[in-house]
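model the following, please.
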Amino acid sequence: MPFKKKSRQDITGNRYGRLVAIEFKHYNDKHHDCWLFRCDCGNEKIMPAANVKWGRVRSCGCLVTEHISSLHRQDISGRKCGRLTAIYPTDKRDASGSVIWECSCECGNTVFCSATCLSRGRTKSCGCLYKETRVTCSDSRTDAVENTLLSILVSSKEPRADNTSGHTGVCYDKRRDVWISYINFQNKRINLGSFKEKEEAICARKDAEARLHDPIILNNWNKLSESTKEKWEAYGNRFPKEKNNTANGCATFESLSLCAIERKAEI
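As a prediction, the model looks like this:
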């Protein structure tokens, strides 16, 4: 059935925002009447009349461009955003076109931030606020000892879901065809070496755990939560029998402590 054009409203000469209707042009694929509009900036553009009459479109696009430019040119000199105070703008722009401002922090450092990040509160300091907050959070942890969280040391003994070697701190290097062993301690990564056999890499990791992790865990046992203690005991019960000092092959707190001390003395 052929489409029957509905009677269209004559809007010739009508003004909508910055647009003035000039003449009807055609119907689009959705059977909407499209008109030629002239913008106050001088540009002419063909658009569906409904979008213009309902206020969806108010210009040829120059209104949006001017609005964005005004935001980028806004003067924020002296404005305080968190610990930062905007000093003066630079000639640089970020990916969105926002002006990069030179700012001074309360701690005395100077940083460069975009006007958008400052106005929206995304950047509040040169980085000192994050460092202070991180230290405060760490100090409030009861299991924080020597810049180390005991609960994380215990949890690290259990391999993550994406672990492919079956043991934490052991991974395979396809390029060199070797197994890499490493351990994290006090915010540092210690490389334990590369090995041809996977079992050798695991043994190196376990030996490093006994020398670094186990002594600090056992010496601060009372600072651990009950759930963390259960995780530790569950891990200790999976030790091979030849590693244990108990008759039934099940590691206890005393045997693990003695094992850790003995291995530490061997270093």
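
show me the helices in the stretch 101-250 of the chain, by range?
Taking DSSP state H, counting those that start in this stretch, the helices of the stretch 101-250 of the chain run over residues 115-119, 128-140, 150-155, 198-208, 214-219, 226-236.

excluding its backbone neighbours, what's nearest Leu36?
Distance criterion CB to CB, 6 or more residues apart in numbering; nearest residue to Leu36, sequence neighbours excluded, is Ile22 at 4.4 Å. Every residue, glycine included, has its C-beta placed from N, CA and C.

any idea how far Arg8 is from that neighbour?
15 Å (CB to CB, to the nearest Å).

got the domain boundaries for the protein?
In the domain annotation for the chain, the residue ranges read 15-66, 74-128, 141-266 (automatic domain parsing).

take the ones you listed and lay them out in TSV including mean neighbour count and mean pLDDT.
Below are these laid out as TSV (neighbours: other CB atoms under 10 Å; pLDDT from 0 to 100):
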stretch	mean neighbour count	mean pLDDT
domain 15-66	15	88
domain 74-128	15	86
domain 141-266	15	74
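
which residues sit in contact with Ala204?
When contacts are counted by CB atoms under 8 Å, 6 or more residues apart in numbering, Ala204 touches Ser181, Leu192, Gly193, Phe195.

hang on, the third one packs against Ser181?
Yes - under the criterion of CB atoms under 8 Å, Gly193 makes contact with Ser181 at 6.0 Å.

any shared contact partners between the two?
Shared contacts of Gly193 and Ser181 (CB under 8 Å, 6+ apart): Ala201, Ala204.

of the contacts of Ala204, closest to Cys107?
Nearest to Cys107 out of those is Leu192 (CB to CB; 38.5 Å).

show the subsequent helix or strand relative to the strand or helix carrying His67.
Per DSSP states H and E, His67 falls inside helix 62-72. Later in the chain than helix 62-72, the nearest helix or strand by DSSP H and E is strand 80-81.

give me the nearest residue to Arg122, chain neighbours excluded.
Among residues not flanking Arg122 along the chain, Thr116 sits closest, at 7.6 Å (CB to CB, 6+ apart).

quick one: that neighbour and Leu129, what's the gap?
Here Thr116 is placed at a distance of 19 Å from Leu129 (CB to CB).

what does Asp207 give?
Between Asp207 and Leu129 the distance is 41 Å, computed by CB to CB.

Asp173 too?
Distance, Asp173 to Leu129, using CB to CB: 39 Å.

just to revisit the earlier point, can you pull the contacts of the residue nearest to Arg122?
Contacts of Thr116 (CB under 8 Å, 6+ apart): Asp94, Ser96, Ser98, Arg122.

now do the strands in the chain.
Along the chain, the segments classed as strands by DSSP state E run 15-16, 19-27, 33-39, 44-48, 80-81, 84-93, 99-105, 110-114, 144-145, 148-149, 170-173, 178-185, 188-195.

so which of these gets nearest Asn219?
Set against Asn219 and scored by CB to CB, the strands of the chain come closest in strand 144-145, at 8.4 Å.

circling back: let's have the helices of the stretch 101-250 of the chain in a markdown table, adding distance to Lys30.
Formatted as a markdown table, the helices of the stretch 101-250 of the chain follow (distance: least, CB to CB, whole Å):
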| stretch | distance to Lys30 |
| --- | --- |
| helix 115-119 | 37 |
| helix 128-140 | 52 |
| helix 150-155 | 58 |
| helix 198-208 | 64 |
| helix 214-219 | 69 |
| helix 226-236 | 61 |
